[in-house]
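Undergrad: sequence and predicted model, in that order:
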Amino acid sequence: MRVMKFGGSSVGTPGRIKHVMGIIADARKRHRNIVAVFSAFEGITDQIIGTSRVAARGDRKYLAGLGAIKKRHREALADLVPARRRGRIEAFARERFADLSDVLHGVFYTKELTNRTLDYVMSFGEILSSSIIAEALQAKGIPCEFLDSRHLIKADDRFGNGRVKYDLTYRNIRAYFRKHHGLQIACGFIASTTDNDTVTLGRGGSDFSASLYGAALNAREIEIWTDVDGVMTADPRKVEKAFSIPRMTFEEAMEMSHFGAKVIHPPTMQPALDRNIPLRIKNTFHPEFPGTLIGRRDTSGTFSIKGISSIDEISLLRVQGSGMVGIAGIGRRIFSALATQEINVLMVTQASSEYSLCLAVLPQFAQAAKHLIEEELRYEMRDRQIDGVLIEPNLSAVAIVGENMRKTTGISGKLFQALGKNGINVVAIAQGSSELNISTVVAKADEAKALNTLHDAFFLSGTKSLHLFIVGTGLIGGTLLKQIAQQRHVLLHSQFLDVRVRAIANSRTMLFDGTGSFLRDWREKFSAGGTAMDLDDFVRRMKALNLPNSVFVDCTASDLLVTKYAEILESSISIVTPNKKANAGKYGLYQKLHRASLKHDVRFLYETNVGAGLPIINTINDLVAGGDRIERIDGVLSGTLSYLFNSFAGGRSFSDIVWEAKERGYTEPDPRDDLNGLDVGRKLLILAREAGHPLEFRNISVKSLIPPALLRAPSINQFLKQLRSVDDTYARARDKAAAEGKVLRYVASFAGGKAEVSLQRVGPEHPCYALSGSEIIIALTTTNCKDHPIVIKGPGAGADVTATGVFADIIRIAHHQS
Ligand code: ADP
Ligand code: ASP
Ligand code: MG
């Protein structure tokens, strides 16, 4: 005997039903006796409930809902059963529609919708789907019988959630199957009371019906056919990377489903477990895939946990008071009070101080639960032993589940570390003594983030996702995107790092991509699908996505973006940027951003602020962290200015060299932005700050390379012409230096708390003497390296090296995060 259950999603359209008929036809080749249990067509149960509620409001619009329900079934029938064979089923459906319309008419007039009536109207969904499918199978030459499960499955009269009378049900099923063989098409979800009233087994209950048939008939296996590849490590609608679990135990499946994994209805496991009949969850749309086998034992144990599930919305009830310690049996009294109204408690936590007790319930029961508890504890409240019951709304419960947890240490540590590193606050926790489940309560807005974070931490053998939000698509941003596209694959396989670009923006356009798959084709996607850039909106959307390991990458030189940095860091989003504006601004801002990154356990990285990709800032940070002191900093910090003075030899004039450098694109569009020395001053300021000195920009003495009059020249061209006026001065300075065996260098130096940027003559003993091209250099004299400063030298400008440096900072964040 084989039991197969097909859920609503498998029978959503006539096309899908034909596909299911193929699966059944195939199974008949292997099994003589089959019970196929069917749910209502996808969405029909919801539609019936919705229509009934409209009728109960006395609103005539229910007729439209009723019309739509009839139409859907008529169309399925017409598609699945050839006209010449339709008579019988059409008559049957007509009668059901007439019944349904009579009952809804009554609901409309009386404006009353009891659970009993609702169960009755809901049953039409399953009755119609199963009878139409039975007819369609027969029409295809597959002999079968339609079986109204209400004749066999008996339950009590708790309408909406009937409790099954197992013995009676099993006896009925066995008696029926002694006389009926072959293929039986049974409706799921519905049963009847001893008075023969229709009662349902709870939403999603067709799975349970199948399990009852399987247990009664001692089936070899119970197959639950749905629209996913089995029970997955997490709800695939919320965790994109969820994958199918090959095997799990009944207990694990029960925990997962109790905690929100809708793929299988919680009570389904019990009958199967009692008779030790394996359950197999299969995908109707991928029938060759083995799916998930749920059985008594599972020794595979590849991962430390089996799955992660969540309940979207819960409320927490907090009972607290200084006198609670002394109250006898408080837990028992609270639970008994809640049980009188059948309020289910999803989780409980109590601090060992017994000062407070927290209970999680579904939000719709929160008010009632509060009243019941306050009523039960009214004398304790009068005597001030208890303050009262507080409701905390808008929360979600997220649980990790698995038998292996029992044997493995460090699971809860990993859980908290992963959540903490991503700024997810844990409101309450509970671990069942079975150690099968660790549950946490988090803000509802953090639910998806928590699920994804935990999924990465527990299942992807250390694979981390990094979600990038890149602003700036110019030279550096564009190069960075190119490098990401090139390196993505390598990072995934060698460093288990999954880099996703979630959004791209420049000053005009922005574009978010749900899958984070901007790659080489980003330019086309960006120009075709973008919307007008709005920084506030960009930041709001980035925050709302609330993805773990999010990084905001600012590849601009904008002041505006900097105003958002604090808010971004406070939202647990890291920042990587070559933009110097924040770190060279007011010291207060510098400090605020660093504190925010520490407080929210995210990173603010800007290695490329000085010396492009060269490891300057990291070296200073490492030295300082190791207890060393930076005593001096000397260096040539601008690649452009390095180039100018390295080329300023022989008979060439200074202004010629500036012209040439500009022509080659080595300078800023207006070379004065290099020659005024301010950029070098900002870099020195940042380095001094990194070395631990709270300087402001005004504390840096910057000697411009050109006089103020030239700085004020009305245009770039006029400036370049006027630049000839300094040629003589520079020629003299060069000759003087040469006479002493020295060269001219624009040196930034910081020593004894004083910072200065100026043109200097340096001899061969000076670290800045031997430079070529646009090399930059920095020498760090520290307490531990007094005689031989640490020297870092290399290309200090260029889109490629800068983008590489930005990329390196991004990767560093992955290693910091869980
Ligand atoms: P059916 O119509 O077959 O009864 P359901 O919609 O009741 O199907 O259940 C299947 C759905 O359950 C899936 O489409 C998926 O979105 C959801 N789901 C939630 N958690 C999980 C999980 N851990 N594994 C698989 N599916 C899950
Ligand atoms: N049709 C019912 C529901 O939607 C039962 C089921 O699908 O299992 O809840
Ligand atoms: Mg279901």
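TA: Arrived safely, thanks for sending. Ligands and ions are numbered 1, 2, ... in the order given.
Undergrad: ok, now how distant is the residue in the chain positioned nearest to ligand 1 from G230?
TA: When distances are taken as CB to the nearest ligand atom, the chain reaches nearest to ligand 1 at G7, 1.9 Å away. Yep, even glycine has a C-beta here, placed from its N, CA and C like the rest. Taking CB to CB, to the nearest Å as the measure, G7 falls 13 Å from G230.
Undergrad: repeat that for S772.
TA: S772 sits 64 Å away from G230, taking CB to CB as the criterion.
Undergrad: more neighbours, those two?
TA: G230 (25 against 9; other CB atoms under 10 Å).
Undergrad: quick one, phi/psi of R247?
TA: Here is the backbone geometry of R247 (degrees, to the nearest 10): phi -140, psi 150.
Undergrad: number the chain from 23, please
TA: Sounds good: first residue 23 from here, last item R269.
Undergrad: CA-only coordinates of stretch 779-795, as PDB, when you get a sec.
TA: Presented in PDB, the C-alpha positions along stretch 779-795 are these (Å, rounded to 0.1, in the frame of the first residue of the first chain):
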ATOM      1  CA  VAL A 779      53.700  69.900   4.400                       C
ATOM      2  CA  SER A 780      56.300  71.800   2.500                       C
ATOM      3  CA  LEU A 781      58.900  71.700  -0.300                       C
ATOM      4  CA  GLN A 782      62.200  70.500   1.000                       C
ATOM      5  CA  ARG A 783      65.700  69.800  -0.200                       C
ATOM      6  CA  VAL A 784      66.500  66.200   0.700                       C
ATOM      7  CA  GLY A 785      69.800  64.400   0.600                       C
ATOM      8  CA  PRO A 786      70.500  60.700  -0.100                       C
ATOM      9  CA  GLU A 787      70.100  59.900   3.600                       C
ATOM     10  CA  HIS A 788      66.400  60.900   3.500                       C
ATOM     11  CA  PRO A 789      63.800  58.200   2.800                       C
ATOM     12  CA  CYS A 790      62.200  60.500   0.200                       C
ATOM     13  CA  TYR A 791      65.300  61.000  -1.900                       C
ATOM     14  CA  ALA A 792      65.200  57.900  -4.100                       C
ATOM     15  CA  LEU A 793      61.800  58.100  -5.900                       C
ATOM     16  CA  SER A 794      60.900  57.600  -9.500                       C
ATOM     17  CA  GLY A 795      57.800  58.100 -11.600                       C
END
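Undergrad: please name the residues that touch A256.
TA: Neighbouring residues of A256 by CB atoms under 8 Å, 6 or more residues apart in numbering: 264, 329-331, 473, 477.
Undergrad: so what strands line up beside the helix or strand hosting V370?
TA: With elements taken from DSSP states H and E, the one containing V370 is strand 369-372. With DSSP bridges as the test, strand 369-372 is paired with strand 378-383 (antiparallel).
Undergrad: what about the strand it pairs with, distance to the chain center?
TA: Once both centres are worked out by CA atoms, centre = their mean, to the nearest Å, strand 378-383 turns out to sit 27 Å from its chain's centre.
Undergrad: please list the residues of the chain that sit near ligand 1.
TA: 29-32, 61, 226, 248-250, 253-254, 256-259, 278, 283-285, 329, 331 (CB under 6 Å from any ligand atom).
Undergrad: just the buried residues from these, in PyMOL please.
TA: Buried subset of the residues of the chain next to ligand 1, written as a PyMOL selection, criterion 16 or more other CB atoms under 10 Å:
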select buried, resi 29+30+31+32+61+226+248+249+250+253+254+256+257+258+278+283+285+329+331
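Undergrad: who's in contact with the lowest-mean-pLDDT helix or strand in the chain?
TA: Least confident helix or strand, the chain: strand 369-372 with a mean of 84, by mean pLDDT, DSSP states H and E. Strand 369-372 is contacted by residues 353, 378-382, 419, 450-452, 461, 463 when judged by CB under 8 Å, 6+ apart.
Undergrad: can you add pLDDT and give these back as JSON lines?
TA: Below are the contacts of strand 369-372 laid out as JSON lines (pLDDT from 0 to 100):
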{"residue": "G353", "pLDDT": "83"}
{"residue": "S378", "pLDDT": "82"}
{"residue": "L379", "pLDDT": "87"}
{"residue": "C380", "pLDDT": "90"}
{"residue": "L381", "pLDDT": "92"}
{"residue": "A382", "pLDDT": "93"}
{"residue": "A419", "pLDDT": "95"}
{"residue": "A450", "pLDDT": "88"}
{"residue": "I451", "pLDDT": "89"}
{"residue": "A452", "pLDDT": "87"}
{"residue": "S461", "pLDDT": "92"}
{"residue": "V463", "pLDDT": "94"}
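Undergrad: which two of the residues you listed have the greatest separation?
TA: Spatial extent of those (CB to CB) is set by the pair G353 and A419 at 19.3 Å.
Undergrad: higher neighbour count, those two?
TA: Using other CB under 10 Å as the criterion, G353 and A419 rank with A419 on top: 24 against 14.
Undergrad: how about the helices in the stretch 523-672 of the chain?
TA: Ranges of helices within the stretch 523-672 of the chain are 544-551, 557-567, 581-584, 587-592, 609-621, 639-647, 661-669, based on DSSP state H, counting those that start in this stretch.
Undergrad: for M23, find the nearest of the ones you listed.
TA: Once the helices of the stretch 523-672 of the chain are compared by CB to CB, helix 557-567 is nearest, at 48.9 Å.
Undergrad: tell me what that closest one is packed against?
TA: On a contact count with 3 or more CB pairs under 8 Å, 6 or more residues apart in numbering; DSSP states H and E, helix 557-567 meets strand 486-493, strand 519-527, strand 531-534, helix 587-592.
Undergrad: 10 Å - rerun?
TA: Counting contacts by 3 or more CB pairs under 10 Å, 6 or more residues apart in numbering; DSSP states H and E, helix 557-567 is packed against strand 486-493, strand 519-527, strand 531-534, strand 572-576, helix 581-584, helix 587-592.
Undergrad: tell me the most buried of these?
TA: strand 572-576 (a mean of 26; mean count of other CB atoms under 10 Å).
Undergrad: strand 519-527 and that strand, what's the angle between them?
TA: Calculated by axes from the mean of the first three to the mean of the last three CA atoms, to 10 degrees, strand 572-576 forms an angle of 50 degrees with strand 519-527.
Undergrad: tell me the angle of strand 572-576 relative to helix 557-567?
TA: Going by the same axes, to 10 degrees, strand 572-576 makes 160 degrees with helix 557-567.
Undergrad: partner strands of strand 572-576, with direction?
TA: strand 486-493 (parallel), strand 596-598 (parallel).
Undergrad: distance from the shortest one to the middle of the chain?
TA: Using CA atoms, centre = their mean, the mean C-alpha position of strand 596-598 is found 18 Å from that of the whole chain.
Undergrad: and if you look at the longest one?
TA: Its chain's average C-alpha position is 12 Å from that of strand 486-493, according to CA atoms, centre = their mean.
Undergrad: if we can go back for a sec, mind putting the strands paired with strand 572-576 in TSV, mean pLDDT included?
TA: Converted to TSV, the strands paired with strand 572-576 look like this (pLDDT from 0 to 100):
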stretch	mean pLDDT
strand 486-493	92
strand 596-598	97
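Undergrad: in CSV: those strands, plus distance to R400.
TA: Output for the strands paired with strand 572-576, formatted as CSV (distance: least, CB to CB, whole Å):
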stretch, distance to R400
strand 486-493, 51
strand 596-598, 51
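Undergrad: which residue comes closest to the closest residue to ligand 3 within the stretch 573-722 of the chain once chain neighbours are left out?
TA: Of all residues in the stretch 573-722 of the chain, S594 sits closest to ligand 3, with a separation of 35.1 Å (CB to the ion). Spatial nearest neighbour of S594, excluding adjacent residues (CB to CB, 6 or more residues apart in numbering): G445 at 2.7 Å.
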